[in-house]
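Colleague: Return a 3D structure for these sequence lines:
(chains A and B)
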Amino acid sequence: MRKVAIAGIGFTKIGEPWERNIKELFAEAALNAMKDSTCNEIDQLYVANMMGAHLQGQIGMGAMMAEAIGRPGIPAVRIEAGQASGGVAFNEGVKAVASGFSDWVLVGGVEKMSDLLPEAVTTALTYAEDQEYTAYTGVTKIGLSAILHRLYSHEYGVTPDEIGWFAVRSHDNAVGVSHAQYPFKLSIERVMTSPMEADPIRMMECAAVADGAAAVILGPADSVANGIEVAASSVATDHLSLASRKHPLTLEAVKKAAAKAYEIAKVNPKDIDVLEVNDDTTIDGVLSLEDLGFAEKGKGAKFVTQGYTTRTGEIPTNNFGGLKARGNPIGATGLYQIAETVIQLRGKAGANQVPNAKIGMAQSMAGVGSTCSVAILRRV
Amino acid sequence: MKTLIRVGISGYGAYVPMYRLKAAEVNRMWSTSGEPVEEKAVVALDEDTVTIAVECARQAVRRSGVDPAKIGAVYVGTESKPYAVKPSGTIVAEAIGATPSVSTADYEFACKAGTEAMQACIGFVGSGMQKYAMGIGADTAQGKPADALEYTAACGGAAYLFGPADEGVAELEASYSFVTDTPDFWRRPKEMYPRHGNRFTGEPAYFKHITSAGKALLAETGYKPTDFKWAVFHQPNAKFPINVAKMLGFGMDQINPGLVSPVVGNTYAGSSPLGLAATLDIAEPGDRIFMVSYGSGSGSDAFVWKVRESIKHRRGGPKVKSYIDRKRYVDYATYLRHRGQIIV
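Modeller: Reported below is the predicted structural model:
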C-alpha cells in the first residue's frame, strides 16, 4: 500500500449563507483546496453529505459536484455515513490513493441546513437512528445524548456544569477564527442558564444548524511536496441502538476505530499533539475523549473542567472551536476537522497554533457513536 | 421620493387595548423559556382590528381639527381584517364621518401594511388629488399556540391624517420604499395562524430590508443618523429594532421613546406607526424623526419627518404611554378566550 499525503485543504466560512446553494459552497471549498495544493489533476471525487436527499431533495451529488468544480466526467460518488460522512469519505479517499487505484483524490463535504425549518432538520438528523426501533419513538439525536448525559452523571457523580464546560472550552478556541460560526467566548453561566434542549442538555451545549463545505486533496506521499502524511485512517461501527450496546457509556466504535488507528500509525494517545473530537453535544465530547484514550472512563468531564484540553494543556482539543463553536455542517464536519489538523501540523494556525504540533488526530461520529472515523496525521 | 405638494401629518392617534399577556405566562403554559418581549397587548372580547382603527382614527381627527367630511381617503393596513371580503376601511370611514365622498381600501403587506397605507395617502395628498387622507395601521395579530410568535403577536394600532404641510404637526421631508420577493412569513387562505421561516425572518428579511431602505433614504436626503433626534423601526420583538438601529448608526437615545414592543408586543401593521406616535408624543418642534417599517414578503417603507411648532397644542388626549400604563393582566386561558382561539 502506498503512503498517502494531504496535498491541499479548503473550506468555506460556516454560517447561514442564505443566497448560496450546495453546489456553490462545495465548489468554493474544493477550488480552495485545489489552489492550496497547486494540484490540477483530480482522478476521483468523493462527496460527503448526510441530508441532501431530505433537505434539498437532491441525490446524485457525485456527478453534480464533479460538474460544479469544473471536472465533469471524472468518477464521483456521494458517501453517506450519518454525521460521520466527512470522516468516512476521507477514509474512502485514503483507500483509493493507498491502493494505487487513484492518484489524486478530492474528498469534499457539504451540508446546507439553514434553509429548512428546525423540525425538518431535526427529523433528518434522526434518520441516522434505527427508524423501526429508535427514531419512531420520537426521540431526537440530542435526546439520545441526554440519556447518556443522565446516565454518566449518575454513574460517575459528575455535575451538569462539569459536562457543560466542554462548550466553554470549545468557544475559547474559536475566538478570532475567521471560518468559525460562533467566534466568541461563552461563559459557563451562559451555558448553564440557556434554555433546556433535551433535559439535562441545554441549548448552549449543542452544535447549531450550520451551512458549510470543506475539502482535502489526497495524493501519493512521494509526489506531494511539503504534504502532511496520513499516518492512519480507520472506521468502525457499533449497534445503532443504545439498548443493544454492552455499556451505553462506552462508545465501542470510537474505541475500535482509535485502537486500529493507533496500531497503524504506531503511536499512542501520549504522542498526539493536537486533537479534534465530536462535540455535537458536550457529553459526546466527554465520551469521545475517554474512548479515544485521553481520559479515564468517568473522568472526561473533570479532565476538561481542569484545563487538560486547552491550548496549553495536556491534549489541546478542538483548537478552532469544535462542532459547537466552529460549527457543524454535518457532511463537511469531518473534513473541517482534518483540514484544521493540517493547519496545526503546518504550523499555520496563527494565534491558535499549538507549538510544535507534529501529530494530530481527528475523530468524527454518527449519532451517538454508531459510526466513528479516526484519522491520524503526521508532519514529515 | 418627494411629493409635488408638501405633505404633513395633520393629526395622529394611537390605541393599545387594555389587556396584557406576560411572556412568562406563555412560558408557564408551554414549559419554555426566553422572553422576546416582556408582555403583549391583547384585545377585549368586543374589540377587533376595526374597533382599534376607529379609536386611532377618531383621535387623529380630533387632534387635527379637520372636518372629517373633507377626508378624501381612508386606507387601513392590516393582516387581521374581520372580514375576508368586505373592506375594514368603509366601516372606519363611516365611523369617523368621512363617507360618502371618500376612497377607501384595505392594504395587506404583513407588518408594513400600515406604512403602505400611509405611503398611498401621501401620494393622494402630495399629488393634489385630495386635501386630506387617512392612513391607518392596526392589527390583532395571530400567534399559533406554542409558536415563537405567540409571545409577541399583539393588538394595537395608529392612524395618521395627512394634509398640507403648513397645517401639520410634522412635515414629510422624503420617503422611500424597498421591496423584494422574500417569503419569510405568510398565511394561506383559511389558515388560522401564519407560518414563518424561523431564522430566515432575520438577516435576509428584516435586517436586509430595513437597512437597505434606511440607507437609500439617508443617501437620497443626504442626512446622517446624527441629523435625527429620534428614530423608529419596526418592532417584531425587543431585540431586532435595537440591533437594526445599531447597524444603521442610530443609538438607544434616539429609539427609546418609540420602542414600545417590550411592553406592547408586535402590533404588526400597527407596530412602527405606534412607535412613531409614541415619539411624536414627546418630540419638540424642529426635531427630525427617521422611521423604517418592515413587512414580511418583504419590504420596508422609510420616512423622514420634521416636527412642526403646532405639535405643542395638537397632541391632547391619551398619549401612547397612558394606553401602555393602563393595563390588566390575563392568564393564558383568558387570553385564548379573548382571541377567539377556543373553538366550541
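
Colleague: The chain: helices as residue ranges?
Modeller: You didn't say which chain, so I picked chain A. A:22-37, A:52-55, A:61-68, A:85-98, A:118-126, A:141-156, A:160-174, A:188-193, A:252-265, A:282-291, A:300-305, A:322-325, A:330-346 (DSSP state H).

Colleague: The chain in question should be chain B.
Modeller: Residue ranges of the helices in chain B, as given by DSSP H, are B:23-30, B:49-64, B:88-96, B:113-126, B:208-221, B:239-248, B:252-255, B:261-264, B:271-280, B:320-325, B:332-338.

Colleague: Alpha carbons only: can I get the second one in PDB?
Modeller: I take that to be helix B:49-64. What follows is helix B:49-64 as a C-alpha-only set of coordinates in PDB (Å, rounded to 0.1, in the frame of the first residue of the first chain):
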ATOM      1  CA  THR B  49     -58.900  45.500  14.100                       C
ATOM      2  CA  VAL B  50     -61.800  47.800  13.000                       C
ATOM      3  CA  THR B  51     -62.500  49.000  16.600                       C
ATOM      4  CA  ILE B  52     -58.800  49.600  17.100                       C
ATOM      5  CA  ALA B  53     -58.600  51.500  13.800                       C
ATOM      6  CA  VAL B  54     -61.700  53.600  14.700                       C
ATOM      7  CA  GLU B  55     -60.200  54.500  18.100                       C
ATOM      8  CA  CYS B  56     -57.000  55.700  16.400                       C
ATOM      9  CA  ALA B  57     -58.800  57.500  13.600                       C
ATOM     10  CA  ARG B  58     -61.100  59.400  15.900                       C
ATOM     11  CA  GLN B  59     -58.200  60.600  18.000                       C
ATOM     12  CA  ALA B  60     -56.300  61.700  14.800                       C
ATOM     13  CA  VAL B  61     -59.300  63.600  13.500                       C
ATOM     14  CA  ARG B  62     -60.000  65.200  17.000                       C
ATOM     15  CA  ARG B  63     -56.400  66.300  17.300                       C
ATOM     16  CA  SER B  64     -56.300  67.700  13.700                       C
END
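
Colleague: Quick one, grab the pLDDT at the residue in the stretch 1-150 of chain B positioned nearest to chain A.
Modeller: Of all residues in the stretch 1-150 of chain B, residue B:33 sits closest to chain A, with a separation of 4.5 Å (C-beta to the nearest C-beta). Yep, even glycine has a C-beta here, placed from its N, CA and C like the rest. pLDDT recorded at residue B:33 is 85.

Colleague: most tightly surrounded among the helices of chain A?
Modeller: Looking across the helices of chain A with neighbours counted as mean count of other C-beta atoms under 10 Å in any protein chain shown, the highest average goes to helix A:322-325: a mean of 31.

Colleague: So for that helix, mean pLDDT?
Modeller: Along helix A:322-325, the predicted confidence averages to a pLDDT of 98.

Colleague: tell me what that helix is packed against?
Modeller: helix A:160-174, helix A:282-291 (3 or more C-beta pairs under 8 Å, 6 or more residues apart in numbering or on different chains; DSSP states H and E).

Colleague: which ones are touching residue 213?
Modeller: Picking chain A for this. If you count contacts by C-beta atoms under 8 Å, 6 or more residues apart in numbering or on different chains, residue A:213 has them with A:11-12, A:22, A:25-26, A:28-30, A:108-111, A:329, A:332.

Colleague: right idea, wrong chain: chain B
Modeller: Taking C-beta under 8 Å, 6+ apart as the definition of contact, the neighbours of residue B:213 are B:176-178, B:292, B:299-302.
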